[in-house]
Structure formats: structure tokens, C-alpha cells
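Undergrad: quick one: sequence and predicted model below, then my questions.
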Amino acid sequence: MASGGIPMWKPGNVLHEGAEATVTEGSWLGRKAVLKSRRARSYRHPDLDRRLTRQRLAVEARVLSRLSSIGFPSPRLVFLDQRNSSMLLSRIEGGTLFELLKSGDSSGDELFQLGGLIRRLHEIGISHGDLTTHNVMSTIDGDLHLIDFGLSRQSPELEHMGLDLQVLRECLGASHSEIDGAIDRVCEGYIAAQNSGNDAESAENVVDRFRKIAGRVRYHG
Ligand SMILES: Nc1ncnc2c1ncn2[C@@H]1O[C@H](COP(=O)(O)OP(=O)(O)OP(=O)(O)O)[C@@H](O)[C@H]1O
Ligand SMILES: [Mg+2]
């Protein structure tokens with residue numbers, strides 16, 4: 001495993017083995033942490049692959065540092081090991097929103113809360129790029145955290161913000177179709193969280209754009 005470059009890192013079990021990344025739990029200076037290592041993907045050309053891997057790692061590291069500096073609920077970047085395409089992150093103790101919604105233990109309020117969190121992210125000037133329920137974690141206190149920022153953008157256009165809601169809508173429709181009006185709850189939370197002193201695109205404009213994208217996908221997709 002590519003952990004040789006990180007001093008004081010004591011690896012434990014593998015938490016996630018995906019197509020892009022392996023996430024391992026462990027500890028760093030006695031604190032709970034995870035190592036996220038991006039792997040080479042054999043079907044891509046090696047040069048392109050290296051470039052994409054490096055770019056996503058850099059984007060994720062930059063966005064996570066910015067988010068933790070302003071107290072946004074997301075993992076803290078502890079150590080960046082570019083040589084091994086890895087980063088050490090603070091561990092979020094809890095499960096994914098996907099698991100929570102499947103478990104039947106949902107409070108019924110998470111989707112509204114998630115909408116508010118997405119709005120906060122957009123007001124900071126960041127779009128996520130891959131908003132699925134696997135990329136939202138819920139702690140035992142019921143707080144939501146966003147993870148997996150490798151496809152995010154700084155200074156996103158209206159379209160990117162609308163697309164965040166559209167990606168989530170598709171995920172909710174495909175994986176959580178038993179929840180009625182799921183994306184509407186998200187949009188309600190998104191609009192309710194609008195901070196009027198902000199010069200970001202208004203929440204209504206983003207939701208309008210999302211509805212247009214959803215209509216485009218429905219009729220032409
Ligand atoms: N900081 C963290 N604390 C706790 N668990 C985490 C953390 N980061 C990631 N995980 C767990 O690992 C999983 C995968 O992480 P992440 O979403 O960042 O990788 P990924 O880019 O989606 O990987 P792939 O595309 O290969 O599936 C998450 O869904 C979550 O269960
Ligand atoms: Mg992910």
C-alpha cells in the first residue's frame with residue numbers, strides 16, 4: 001500500500017476499495033484518520049491517467065484546506081503525499097447518507113439539511129461535482145459532512161451549481177426512489193439556507209437552472 005511516504009501513519013483496515021480510490025482507516029499521532037490513495041486506471045493512457053490523478057488530488061487538497069479553514073463540515077487535510085497520490089484526512093465517524101437512508105433510521109430531516117449544506121458550499125464559491133449519497137456522511141450527532149471533492153470547482157458557473165442538484169436528483173431517483181419528493185426536500189433546504197448578504201447566485205436562480213437541466217434530461221436524455 002502506498003503509505004510509505006507518510007510519517008507517523010499507522011494503517012488499519014481498508015474501508016473502501018473503489019474504482020478510483022482506496023480508503024484505509026488508521027491513526028496519525030493518536031488521532032483517527034483515513035488514507036485516501038488514488039490508483040492508476042489501466043484502461044486510460046498512462047500519461048493521461050497520471051495527469052488526471054494528479055489534478056484531482058490537487059483539486060481535492062486545495063478545496064479541503066479552504067473548507068476546513070472556514071469550518072465547513074468536511075474532512076481536514078492532514079498530509080498530502082503527491083508522490084504516492086495519497087492524502088491523509090481526518091476521519092469522519094459515522095456512515096454514509098446512502099447507508100442511513102437505506103437503514104430506516106433516518107430522522108426524515110437529512111435531505112432538508114443536505115440542501116442547506118449544498119447552499120453553504122455554493123455561497124463559499126465551490127461546486128461539488130459528484131454529489132451522491134455516498135459522498136455525504138452523517139455522524140452519530142446527526143450532522144452531515146461532505147466528502148470526495150476531486151471533481152469540485154472553485155468559482156463555479158450557474159450551470160455547475162444546477163448540475164450538483166441534478167446529479168443528486170439522479171442518485172435519489174436511482175437509489176432512494178422509496179423516498180417521496182426527495183429532491184424537493186433538498187431544494188427546500190437549499191432555498192431556506194440562502195444568506196441574503198451574499199453576492200453568490202441566488203438560490204432561486206440555481207434551483208431554476210436545476211429544473212431546466214432536469215427538463216432537458218427528461219425530454220432529450
Ligand atoms: N474522511 C473520511 N472519514 C471516514 N470515511 C471516509 C472518509 N473519506 C472517505 N471515507 C469513506 O470512503 C468512501 C470513499 O471515499 P471517497 O468518496 O472520498 O472516494 P471515491 O473518490 O469515491 O472513490 P471511488 O471513486 O474509487 O469509489 C466514502 O464513501 C466513505 O465511506
Ligand atoms: Mg466517493
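TA: Okay, I see it. Ligands and ions are numbered 1, 2, ... in the order given.
Undergrad: so what's residue 156 closest to, chain neighbours aside?
TA: residue 127 (3.5 Å; Cβ to Cβ, 6 or more residues apart in numbering). All C-beta atoms are positioned from the backbone trio N, CA, C, and that covers glycine.
Undergrad: I figured that neighbour hits residue 159, correct?
TA: No: judged on Cβ atoms under 8 Å, residue 127 makes no contact with residue 159 at a distance of 9.2 Å.
Undergrad: okay, now the one residue in the chain that gets nearest to ligand 1: neighbour count?
TA: Residue nearest to ligand 1 within the chain: residue 18 (2.2 Å; Cβ to the nearest ligand atom). Using other Cβ atoms under 10 Å, residue 18 is surrounded by 12 other residues.
Undergrad: which ones are touching the residue in the chain that ligand 2 sits nearest to?
TA: Here the chain gets closest to ligand 2 at one residue, residue 148, 3.7 Å apart by Cβ to the ion. Counting by Cβ atoms under 8 Å, 6 or more residues apart in numbering, residue 148 touches 60, 130, 134, 135.
Undergrad: and the last one, how far is that from residue 60?
TA: In other words, residue 135. According to Cβ to Cβ, to the nearest Å, residue 135 and residue 60 sit 11 Å apart.
Undergrad: partners of residue 87 in the sheet?
TA: residue 36, residue 80 (DSSP bridges).
Undergrad: that one touches residue 76, doesn't it?
TA: No: using Cβ under 8 Å, residue 87 is not in contact with residue 76, being 10.6 Å away.
Undergrad: out of residue 127 and residue 159, which sits in the more crowded spot?
TA: residue 127 (24 against 14).
Undergrad: against which helices or strands is the longest helix along the chain packed?
TA: In the chain, taking DSSP state H as the definition, the longest helix is helix 46-69. Applying 3 or more Cβ pairs under 8 Å, 6 or more residues apart in numbering; DSSP states H and E, we find helix 46-69 packed against strand 31-38, strand 77-81, strand 86-90, strand 126-127, strand 153-154.
Undergrad: try it again at 6 Å.
TA: Applying 3 or more Cβ pairs under 6 Å, 6 or more residues apart in numbering; DSSP states H and E, we find helix 46-69 packed against strand 77-81.
Undergrad: just confirm yes or no for the strand it packs on near ligand 1.
TA: No: Strand 77-81 stays clear of ligand 1 (Cβ under 6 Å from any ligand atom), getting no nearer than 9.8 Å.
Undergrad: in terms of secondary structure, what does that strand contact?
TA: Counting by 3+ Cβ pairs under 6 Å, 6+ apart, strand 77-81 packs on helix 46-69, strand 86-90.
Undergrad: tell me which element the residue nearest to residue 143 when sequence neighbours are not counted falls in.
TA: Excluding its sequence neighbours, the residue lying closest to residue 143 (Cβ to Cβ, 6+ apart) is residue 73, at 6.2 Å. Residue 73 belongs to no helix or strand when assigned by DSSP states H and E.
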